[in-house]
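[1] please work out how this folds:
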Amino acid sequence: MTLSIPANTRPLTGPPPALKAPAGATDCHVHLYLPGYEAQPGGPKIPELATVADYQKLQKWLSLERVVVTQPNAYQFDNRAILQGVAEIGQESARAIVAIAPDADESQIEAFHAQGARGARIMQLPGGAVGIDRLAEVEARIKAFGWHLMVQFNGRELDDYLATLKAIETDYIIDHIGKFMPPVAADDHRVDQLLSLLDRGNAWMKICAGYEASLSGGPEYADVGPIAKRLIEHAPERIIWGSNWPHVGVPREQFPSDPEQLDVLLHWADESTRQKILVDNPAALYGF
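    Numbers count the residues shown, from 1 in each chain. The predicted structure follows:
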């Protein structure tokens, strides 16, 4: 039996962000939940739909033009919904990050590539389809296609994963400002390690979802912000940004302000760096 998933009730319009996004601005991390696709075993439930039409309203609200749709944990290895979303938006302005089984065959990955996929998700936190223990196997599958890995973990455990990350040969993204839960000081040795990874030339950092780790809260995220600023100042050419819409990882009463998720860049980066983060770096990574 197909379950009925409620329509979106999140705000999709309102006062604009203070930051006027430059032409070509890219949201490098959203999730879509489309009608007709159910949560898969091993993943969390889907609280509400988040359709292409819904996201395009948010996109207009924030003056964004391009988007990278990331496979949500709920769908596990069923990538059909996000690839349908990319098809609806169009590959001239949309890409996908899919979940790839370690034993996925080349023809499957080739088909995903033709539909706009450019990366594979590695999710070490609860509900993820593929953990870091299978990262090398997934990397071997995607390398020939020029894809990157998108890796999320609790940054406090970085020491456990450092050797694996250093061994990656493809490009890869470290998600959610390193996602230190709870946040650490900006001069913590694990933040130093992130800087060293960025210096190796194939790592990227995504400024995204500070609210998921922050204890101090928005709009400036006083505990996460110093980490973000240090990363941005160190390697502005390796930084991208994402909204993390529709924010299903936190209870409804903790939903962040969507304009504030963009406006953090006013506090953390100067204008020329924002151009890199929102436009130039995503264009280089995703081929826009």
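
[2] please count neighbours and contacts with C-alpha atoms only from this point.
    OK.

[3] my guess is Gly240 meets Leu231, correct?
    One correction, residue 240 is Ile, not Gly. No: in this structure Ile240 lies outside contact range of Leu231 using Cα atoms under 8 Å: 11.1 Å.

[4] between these two, who's got more neighbours?
    Applying other Cα atoms under 10 Å to Ile240 and Leu231 shows that Ile240 carries more neighbours, namely 28 against 25.

[5] mind checking the SS state of the more buried one?
    strand (DSSP: H, G, I helix; E, B strand; the rest coil).

[6] gap between it and Tyr211?
    For Ile240, the distance to Tyr211 equals 17 Å [Cα to Cα, to the nearest Å].

[7] not counting residues beside it along the chain, what's closest to Phe153?
    In space, Phe153 comes closest to Gln124 once its chain neighbours are excluded; the distance is 5.0 Å by Cα to Cα, 6 or more residues apart in numbering.

[8] ok, which stretches of the stretch 1-150 of the chain are helices?
    Residue ranges of the helices in the stretch 1-150 of the chain, as given by DSSP state H, counting those that start in this stretch, are 52-62, 80-89, 106-114, 135-142.

[9] in terms of pLDDT, where does Thr2 sit?
    As predicted, Thr2 sits at a pLDDT of 53.

[10] common neighbours of Ile240 and Leu231, please.
    Each of Met205 lies in contact with both Ile240 and Leu231 under the rule Cα atoms under 8 Å, 6 or more residues apart in numbering.

[11] show me the residues around the residue nearest to Phe153 that make contact.
    By Cα under 8 Å, 6+ apart, Gln124 lies in contact with Val130, Gly131, Ile132, Val151, Gln152, Phe153, Asn154.

[12] now, those that are in strands?
    Assigned to strands by DSSP state E, the following of the contacts of Gln124 qualify: Val151, Gln152.

[13] which one of the contacts of Gln124 is nearest Asn281?
    Nearest to Asn281 among these: Val151, at 17.7 Å, using Cα to Cα.

[14] hmm, back to that, I'd like the distance between the residue nearest to Phe153 and Ser196.
    Gln124 is 21 Å from Ser196, by Cα to Cα.

[15] with Gly85 instead?
    Using Cα to Cα, Gly85 is found at 36 Å from Ser196.

[16] let me know the pLDDT of Ile5.
    In this prediction, Ile5 has a pLDDT value of 94.

[17] for the residue nearest to it when sequence neighbours are not counted, grab phi and psi.
    With Cα to Cα, 6+ apart as the criterion, Ile5 has its nearest non-adjacent residue at 5.8 Å, and that residue is Glu48. Main-chain dihedrals, Glu48, degrees, to the nearest 10: phi -150, psi 160.

[18] okay, now Glu48: neighbour count?
    Look at Glu48: counted by other Cα under 10 Å, it has 18 neighbours.

[19] shaky segments in this structure?
    For the chain, the stretches with pLDDT under 70 are 1-3.

[20] please go through it and pick out the longest strand.
    strand 117-123.

[21] and the angle from it to helix 135-142?
    Inter-element angle recorded for strand 117-123 and helix 135-142: 170 degrees (by axes from the mean of the first three to the mean of the last three Cα atoms, to 10 degrees).

[22] give me the residues contacting strand 117-123.
    Defining contact as Cα under 8 Å, 6+ apart, one finds that strand 117-123 is touched by 70-71, 83, 95-100, 128-132, 135, 138, 142, 146-153, 286.

[23] buried ones among these?
    70-71, 83, 95-100, 128-132, 135, 138, 142, 147-153, 286 (16 or more other Cα atoms under 10 Å).

[24] and the strands in the protein?
    Using DSSP E, strands in the chain cover 26-30, 66-70, 94-98, 117-123, 148-152, 172-174, 203-207, 239-241.

[25] contacts only, for Thr51.
    Applying Cα under 8 Å, 6+ apart to Thr51 gives the contacts Leu32, Tyr33, Leu34, Pro35, Gly85.
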